[in-house]
Structure formats: structure tokens, C-alpha cells
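Engineer: One predicted model, sequence on top.
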Amino acid sequence: MRKISLYFTLMMVCISCSKFDTCVSGKIETLEIFDITESSAMSGGKITFKPRYNEAYVVDKGIIWSEREDDIIQGISGRCKINDASYSSKNYFECEMTDLKPMTTYYVRAFVVFLKNGEEITAYGDIRSFYLPAQVRFRKEKNYDHCLVMGIDSENDKELIYHDFGRASGISPYYEIPAGNHKPWYFDGEKYWYCLKPPSTYNFVVGRKYTVVCSDDGQYWTFYVTDDGLISKSDIAVKSSAPSKNNKSAKY
């Protein structure tokens, strides 16, 4: 039934856009997602249709988004609209998606409504998807014999990620993890230790990136977390797929 419904929807779109030289689905592009925060993100559209002799003009434009791709296709989703009663040169626009949930995949597409000969025709851009994680990396500043492995567990002790340095210093890539209160830890060759003050957790926020650092102050070694700011469009992270270590002892 869904395939039939989808076919019918697409057929109706192409019938309605037959008044243009090409199908209206090619009249607008969906922008990449950017400025991701704890509960919001930005996208928008680029209108590529150029009317001739004032044959058509834009009466509405914006983006739609949802957790379900089917909802995007059928237009049943959140909407951000930018009212514009004239086409002019405003062929690029941005719009904010709000009330987003962490660790959720969202689908988004831009839309624009043309008015031609008294008839409104809606064009849709391509569908893009995005995900709302936090990002974490590990930095070991010196060749310590302790702090051989660094990692993060969830509040209920489920292992999320880890990075094995051995005895060498270095810095890991960023890893994606669920947002929330999690426990950074290290392995000294014999035992696994939670290193922050009780309750040993740090609040990792959606849309932000962090570094867990193993260092020293010249007399004592230190272990702490830094907030590196918002995740940007250029930040590429490794998916959080850390396998469980065999014979792992309890962390202290």
C-alpha cells in the first residue's frame, strides 16, 4: 500500500509541474545541515528556477523535517516557513529546525511554492539526513606507563568508546557518542579506573565536541575533560562502535 501511495504522490507532483519546462523537483536544492546545537540545526534552500517574463513568482518557501523519511515525502513533518510575496533575487534562504531530540536521525528537504497563472505549485528539493551526537577524542600528552587505554562508559557502565595508546603519547580522532552523563576512564595495565570525582560522570552535550586528557602538573598526573566547542560542518568523527574488551576487570 505504501509503494502505491508513494507512486501516486510522485505521479501527482509530476502532473502538477508539467506546466514548467522541466519537473518542479529540479527547481530547488536543499542546503547541507549546519550550526547543530543541543536541540536545533540549520538548513535551507537554493532556488534554481528563473521565471521568464514574470510568468511565475515565489509566494512561500522553507524546509520540512522529520524522523521518518516517508513523512518528508508526504509533507507530514515539522515546517519552517519564510513568507516572501515576490521572487526578486532572493534565491537563497536559511531556516532553523527546533525541538530536536538527541541521538536521532532526521530527514530534511527544502520546498518552494510558485504562483503561476493563479495556481500554486510546490517544488521540493533533495532529501538530506543528519544525526545529533556528541563527539569525543582522547589526548595522552606524554609517554606514561599508566593511562595505556582511555575510554568512556555510559552512566549505567555500558562501554561506549575507547582508544588504545599503549605507552606512546598521542591524540585520537573524534568519536561519536550519545549525549548524556558518561564516565571517562583509563587502564593502567592492571586495573580500569574512573578518574573524575564522584559520581565520576561528565555531561557530554549534543552538538558539541570534547577532549579527554591524560596529563600532569609537574608533580601529579591529571585527568580531565575539555569542551572544544560546537561541531562544525567540517568535523568528521568515527562512529562509536567500540567492541567490548575481553576479560575486562571492574573499574574503580
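Structural biologist: That came through fine.

Engineer: Can you give me the neighbour number for Phe34?
Structural biologist: Per other Cβ atoms under 10 Å, the neighbour tally for Phe34 reads 15. Using the backbone N, CA and C atoms, a C-beta is placed for each residue, glycine as well.

Engineer: the strands in the stretch 151-252 of the chain, which residues?
Structural biologist: Assigned by DSSP state E, counting those that start in this stretch, the strands in the stretch 151-252 of the chain fall at 159-164, 170-171, 175-177, 180-187, 192-194, 202-204, 208-216, 221-230.

Engineer: Specify the stretch among those that is closest to Met42.
Structural biologist: For the strands of the stretch 151-252 of the chain, distance to Met42 was read as Cβ to Cβ. The smallest value, 11.6 Å, belongs to strand 221-230.

Engineer: Please identify the buried residues of that closest one?
Structural biologist: Phe223, Val225 (16 or more other Cβ atoms under 10 Å).

Engineer: pLDDT averaged over that strand - what is it?
Structural biologist: For strand 221-230, mean pLDDT is 92.

Engineer: after the lowest-mean-pLDDT helix or strand in the chain, next one along is what?
Structural biologist: Lowest on mean pLDDT, DSSP states H and E among the helices and strands of the chain sits helix 2-16, with a mean of 32. For helix 2-16, the following helix or strand on the C-terminal side (DSSP states H and E) is strand 28-30.

Engineer: Output the contacting helices and strands for that next one.
Structural biologist: Packing partners of strand 28-30 (3 or more Cβ pairs under 8 Å, 6 or more residues apart in numbering; DSSP states H and E): strand 41-47, strand 105-116.

Engineer: Between strand 41-47 and the longest one, find me the angle.
Structural biologist: Using axes from the mean of the first three to the mean of the last three Cα atoms, to 10 degrees, the inter-axis angle of strand 105-116 relative to strand 41-47 is 30 degrees.

Engineer: Can you give me the buried ones in the next helix or strand after strand 105-116?
Structural biologist: Heading C-terminal from strand 105-116, the first helix or strand you meet, by DSSP H and E, is strand 119-124. By neighbour count on 16+ other Cβ under 10 Å, the buried set for strand 119-124 is Ile121, Thr122, Ala123, Tyr124.

Engineer: what's the residue nearest to Cys195 when sequence neighbours are not counted in contact with, if anything?
Structural biologist: Computed as Cβ to Cβ, 6 or more residues apart in numbering, the closest residue to Cys195 that is not its neighbour in sequence is Phe223, at 3.9 Å. Neighbour list for Phe223: Cys147, Pro184, Tyr186, Cys195, Leu196, Val212, Val213, Cys214, Ser215 [criterion: Cβ atoms under 8 Å, 6 or more residues apart in numbering].

Engineer: What of Arg208?
Structural biologist: So, once contact is read as Cβ under 8 Å, 6+ apart, Arg208 ends up touching Glu38, Ala134, Gln135, Asp227, Asp228, Gly229, Leu230, Ile231.

Engineer: cool, and His146?
Structural biologist: Tyr186, Asp188, Gly189, Trp221.

Engineer: pLDDT score assigned to it?
Structural biologist: Reading off the confidence values, His146 has pLDDT 84.

Engineer: still on that earlier bit, tabulate the helices and strands packed on strand 28-30 (JSON lines), appending distance to Asp235, mean pLDDT and mean neighbour count.
Structural biologist: Shown next, in JSON lines, are these (distance: least, Cβ to Cβ, whole Å; pLDDT from 0 to 100; neighbours: other Cβ atoms under 10 Å):
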{"stretch": "strand 41-47", "distance to Asp235": "14", "mean pLDDT": "87", "mean neighbour count": "21"}
{"stretch": "strand 105-116", "distance to Asp235": "18", "mean pLDDT": "85", "mean neighbour count": "21"}
